[in-house]
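Peer 1: I'll drop the sequence and a predicted model, then ask my questions.
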Amino acid sequence: MQIDRWLLIIPAFITFFVILWLLISWFLAQSGGWAALARQFPASNHVTVPPPVSPLQAGEMNGCRYKGCLNIGVTPQGMFLSILFLFRFGHPPLLIPWSCLSPFHAEKALWMTVYTTTITGAGRDVRFTLYNKGLVDQLQGFIAHALAVGAQVPRA
């Protein structure tokens, strides 16, 4: 009789944990701006993305932190963002055109420097922050080129 209860509690706990995990992931996508960006800048299945410039990076979107789970790639069309499989629910891959990224600027945060840009064209501006200077330097060159060419920001 006691064993039968445990046989019910274990699957119930696992189900509860999975549902809670998915809800939290979805909520973070909504509150951080990822969902809004996904509606405007979805990465189509036809986009060929070279291996990520930097896999498993840490970053922030409107204060929602993604520590060690961002994959960032560079394509001629824009910056490709995806998230580690375990956290992907509500976070489809993004392809943000270079023209929608403002130049990164450095900000001092306690003992470290963070690099912030603004992503425009998704109905609201999304503040995107990275911590890796080498990666930011690579991305900055593409953003500068898009600004020099005068690329138009796509609108919804």
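Peer 2: That came through, no problem.
Peer 1: check contacts around K67.
Peer 2: Shown in contact with K67 (C-beta atoms under 8 Å, 6 or more residues apart in numbering): A58. From N, CA and C alone the C-beta is placed, and that goes for glycine too.
Peer 1: hmm, try it at 10 Å
Peer 2: By C-beta atoms under 10 Å, 6 or more residues apart in numbering, the contact set of K67 is L56, Q57, A58, G59, E60, Y131.
Peer 1: and what of F142?
Peer 2: Applying C-beta under 10 Å, 6+ apart, the residues contacting F142 are V74, T75, P76, G78, M79, W98, L101.
Peer 1: Repeat the analysis, applying 8 Å as the threshold.
Peer 2: V74, M79, W98.
Peer 1: for D125, same thing?
Peer 2: Applying C-beta under 8 Å, 6+ apart to D125 gives the contacts T118, I119.
Peer 1: at 10 Å what do you get?
Peer 2: Neighbouring residues of D125 by C-beta under 10 Å, 6+ apart: G33, A36, N62, C100, S102, T118, I119.
Peer 1: Which members of the residues you listed are positioned in strands?
Peer 2: In strands, defined here by DSSP state E, the members of those are T118, I119.
Peer 1: for the protein, which strand is longest?
Peer 2: strand 64-74.
Peer 1: Skip ahead from that one and say which helix or strand is next.
Peer 2: strand 78-83 (DSSP states H and E).
Peer 1: sorry, back to before: show me which residues of the longest strand of the chain are buried.
Peer 2: For strand 64-74, burial by neighbour count (16 or more other C-beta atoms under 10 Å) applies to C64, Y66, C69, L70, N71, I72, G73, V74.
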